[in-house]
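Q: here are the coordinates; sequence isn't available:
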């Protein structure tokens, strides 16, 4: 496929999706196998897409949209798993800790642990053995975001369970509830 045609097809999806796995690129471009691998290589070489991690690609500009780009990447990196903003990231959003993690997102996942450096910041995945019911009942929808958000208490419980630093926690704020 010609680069211009591939870019046109990707642009048609860019309002809904900016992060793609190779399988998704194959569906968008109508290609598979060696043809798809060749197209991905040409798209990378030309700068039309950017590789963010193994089998995770970004299409489009890096300007902001409603959904934070770093969260879109986190969802793609752990697709098929339950993921939510937790630990320090959630505690900061709830004003339970005074420090704001800059350039870092802590995501609790039923998938593998790991850390990924992206153009949008570092994503740290922390594994949880919690089941779907526990996660859903202890997280809230976070409008304008790709991930759910741990409740105030669940974020603090997660920090304690994972033996992360708790010295910055404002315990009075935790007691105020969600």
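A: Noted; the coordinates are in hand. None of the values given here were measured: they were computed from a predicted structure. Residues are numbered from 1 along each chain as shown.
Q: Give me the domain ranges for this structure.
A: With domains defined by automatic domain parsing, the chain comprises 3-59, 69-175.
Q: Out of the ones you listed, which is the most enclosed?
A: Greatest average neighbour count among these goes to domain 69-175 (a mean of 17), per mean count of other C-beta atoms under 10 Å. No exception for glycine: its C-beta is placed from N, CA and C like everyone else's.
Q: Can you give me the first-to-last residue distance of it?
A: End-to-end distance of domain 69-175 (C-alpha to C-alpha, to the nearest Å): 32 Å.
Q: hang on, the earlier thing: need the domains of the chain in TSV (columns: mean pLDDT).
A: Shown next, in TSV, are those (pLDDT from 0 to 100):
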stretch	mean pLDDT
domain 3-59	92
domain 69-175	89
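Q: which residues touch the residue nearest the centre of the chain?
A: In the chain, the C-alpha nearest the mean C-alpha coordinate belongs to residue 74, at 1.8 Å (C-alpha atoms, centre = their mean). For residue 74, the contacting residues are 83, 105, 107, 123, 125, 146-147, by C-beta atoms under 8 Å, 6 or more residues apart in numbering.
Q: three-state assignment of it?
A: Following DSSP: H, G, I helix; E, B strand; the rest coil, we place residue 74 in the helix state.
Q: Which strands or helices does the longest helix anywhere in the chain pack on?
A: Criterion DSSP state H: the longest helix present in the chain is helix 33-46. Helix 33-46 sits against helix 3-13, helix 22-29, strand 49-53, strand 56-59, with contacts defined as 3 or more C-beta pairs under 8 Å, 6 or more residues apart in numbering; DSSP states H and E.
Q: name the helices or strands packed onto the first one?
A: This points to helix 3-13. helix 22-29, helix 33-46.
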